[in-house]
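Enquirer: need a 3D model of the following:
(one chain, ligands or ions: 1)
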Amino acid sequence: MNPAKLHRRRGICRMYPTLLDTKTGETVIADKYLWDRDFFWWSEGNGSCDCNRSIAMKNGSREELTEKFGDGMCVGCHRIIVIDIHGDLEGMTKAKIITKMNSEYPNMR
Ligand SMILES: [Zn+2]
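Expert: Coordinates of the predicted model:
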């Protein structure tokens with residue numbers, strides 16, 4: 001069974017993007033999250049900014065970002081954008097989803 005189907009069946013992963021850290025060039029498929037996540041989560045919810053997206057990165061960008069902006073504050077939308085999308089697309093096109101998920105990243109469009 002492919003990973004997307006398996007995750008969906010377990011109910012732990014519905015829609016998961018490939019993230020690009022535009023500062024380091026690192027890309028990660030964010031399929032290891034334990035949180036419930038869907039289109040809303042990534043486009044308008046907690047996954048819509050660098051705070052939670054940076055957790056997926058393996059190069060310590062989370063530490064770098066929180067050090068720069070301080071704990072407890074939103075670090076904003078500066079560097080970690082969605083470049084591909086997998087899983088349950090909720091009936092939308094990839095292009096529409098990716099555009100929406102990056103809509104708060106004005107310098108990245
Ligand atoms: Zn944030």
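Enquirer: what about the protein, any weak spots by pLDDT?
Expert: 1-13, 32-36, 69-71, 107-109 (pLDDT under 70).
Enquirer: where do the strands of it begin and end?
Expert: With DSSP state E, the ranges of strands along the chain come out as 15-21, 27-29, 80-87.
Enquirer: a markdown table for these, including mean neighbour count and distance to Lys68?
Expert: Bear in mind the C-beta positions are built from the backbone N, C-alpha and C, glycine included. Shown next, in a markdown table, are the strands of the chain (neighbours: other CB atoms under 10 Å; distance: least, CB to CB, whole Å):
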| stretch | mean neighbour count | distance to Lys68 |
| --- | --- | --- |
| strand 15-21 | 23 | 14 |
| strand 27-29 | 14 | 20 |
| strand 80-87 | 20 | 14 |
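Enquirer: pretty sure Arg14 is touching Asp31, no?
Expert: No - judged on CB atoms under 8 Å, Arg14 makes no contact with Asp31 at a distance of 10.7 Å.
Enquirer: wait, doesn't Gln18 sit right on Glu26?
Expert: Actually, residue 18 is Thr rather than Gln. No - using CB under 8 Å, Thr18 is not in contact with Glu26, being 10.9 Å away.
Enquirer: near the ion, which residues of the chain show up?
Expert: 49, 51, 74 (CB under 5 Å from the ion).
Enquirer: now the nearest residue to the second one once chain neighbours are set aside: how far from Gly47?
Expert: The spatially closest residue to Cys51, leaving aside those adjacent along the chain, is Val75, at 5.3 Å (CB to CB, 6 or more residues apart in numbering). Shown here: Val75 relative to Gly47, a distance of 13 Å by CB to CB, to the nearest Å.
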